[in-house]
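Trainee: build me a model from this:
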Amino acid sequence: MITVVIPCYKVKNQILQVLSEIPEIVGRIIAVDDACPEHSGKYILENCTDPRVEVLFHEKNLGVGGAVKTAYRRALEEGASIVVKLDGDGQMNPALISRFIDPVLKKTADYVKGNRFYDFSYLKGMPWIRKLGNSLLSFVSKMVSGYWNIMDPSNGYTAISAEVLKHLPLEKIDNRYFFESDMLFRLYTIRAVVRDIPMKAVYGTEQSSLKIHQVFCKFPPKYLTRLFKRIFYNYFLRDFNIGSVELVISFILMTFGIIFGIIKWTVSIETARPATAGTVLLAGLPIILGFQSLINFIHFDVGNVPEKPITQIIGEE
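Mentor: Numbers count the residues shown, from 1 in each chain. Model prediction:
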């Protein structure tokens, strides 16, 4: 069964149109009223006659991630095979659902997400500040998540195999706007295959609750912790490979070069004696070699993107 989940927060003016456009291939629709001040959930119950629709309510606002996780759990309870996540603000075309679920049905991907940057013509409706912000976030997300092959990490139009969803620790995934990026991090830890689907950016009269200062203040610490966790999990705990060696060598050489250089630079200032060429070389060469080793690690990491879907592996067991 194909299930669509929709977090609802300040989407009263758009939600009925979104629900009416969801195709018949979808067997279940789960909308979550995330303590919406417009009472979107009640509005759906009073005005939507589609028997596929179920509305869940949060007593307090948990954020988009919290709402989606509530719907994910209900979808798994009801026996969903694929779960598609749509926003209720009309920015995501429900007609694309069949395109999103196709790679999951064919077991060529475990998780599929939208990509508004595939074609420049798709970006005509996107404000320039969002283009810039999404480009920067995409690069950071590639490095943090390990999925160097994808773009537009904050895109919330997704489809996931229920078999893969069962393996994710939903209770640990971020409840707020970091949800999509955190999902990618969690998917990489189980080596799930992620694919992008091109889609157009659609912007109307809806207002986003995400503020720029939230991204700059709250996202960096979360990205940093996920980056360290991913490297530790995949290069030291779960496996130890040539990438691990290159990273260790890089750390040792660069640390030695920097510390040695600072010590000699300090001594040179205190004694008023310039450092010898050999001293400079002994400080600089390890840093250069360490940086080269770091580049080699990044090159290895780029080529270490998961390629075999978990659903294929499960099917072989």
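
Trainee: so Pro7 sits in a helix?
Mentor: No: according to DSSP: H, G, I helix; E, B strand; the rest coil, Pro7 belongs to no helix; its state is strand.

Trainee: tell me the contacts of it?
Mentor: 32, 34, 64, 67-68, 71, 85, 87-88 (CB atoms under 8 Å, 6 or more residues apart in numbering). Every C-beta, even on glycine, is put in place using the N, C-alpha and C of the backbone.

Trainee: please report phi then psi for the nearest residue to it once chain neighbours are set aside.
Mentor: Closest residue to Pro7 apart from its sequence neighbours, by CB to CB, 6 or more residues apart in numbering: Ala67 at 3.5 Å. For Ala67, the backbone dihedrals (degrees, to the nearest 10) come out as phi -70, psi -40.

Trainee: buried stuff in stretch 46-56?
Mentor: 48, 53-56 (16 or more other CB atoms under 10 Å).

Trainee: check which helices and strands the lengthiest helix in the chain sits against.
Mentor: Counting residues, the longest helix found in the chain (DSSP state H) is helix 242-271. The helices and strands touching helix 242-271, judged by 3 or more CB pairs under 8 Å, 6 or more residues apart in numbering; DSSP states H and E, are helix 277-302.

Trainee: state the mean pLDDT of the next helix or strand after the helix it packs on.
Mentor: Later in the chain than helix 277-302, the nearest helix or strand by DSSP states H and E is helix 310-316. In this model, helix 310-316 has a mean pLDDT of 74.

Trainee: show me the strands in this structure, by range?
Mentor: Counting by DSSP state E, the chain has strands at residues 2-8, 28-33, 53-57, 82-85, 111-115, 158-161, 194-198.

Trainee: for the longest one, output the C-alpha coordinates as CSV.
Mentor: Output for strand 2-8, consisting of C-alpha atoms alone and laid out as CSV, is shown next (Å, rounded to 0.1, in the frame of the first residue of the first chain):
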residue,chain,number,x,y,z
ILE,A,2,1.2,3.5,-0.9
THR,A,3,0.7,5.9,2.0
VAL,A,4,1.0,9.7,1.8
VAL,A,5,1.9,11.6,5.0
ILE,A,6,1.3,15.4,5.2
PRO,A,7,2.4,17.6,8.2
CYS,A,8,-0.2,20.4,8.6
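
Trainee: what lines up beside that strand in the sheet?
Mentor: Using DSSP bridges, strand 2-8 pairs in its sheet with strand 28-33 (parallel), strand 82-85 (parallel).
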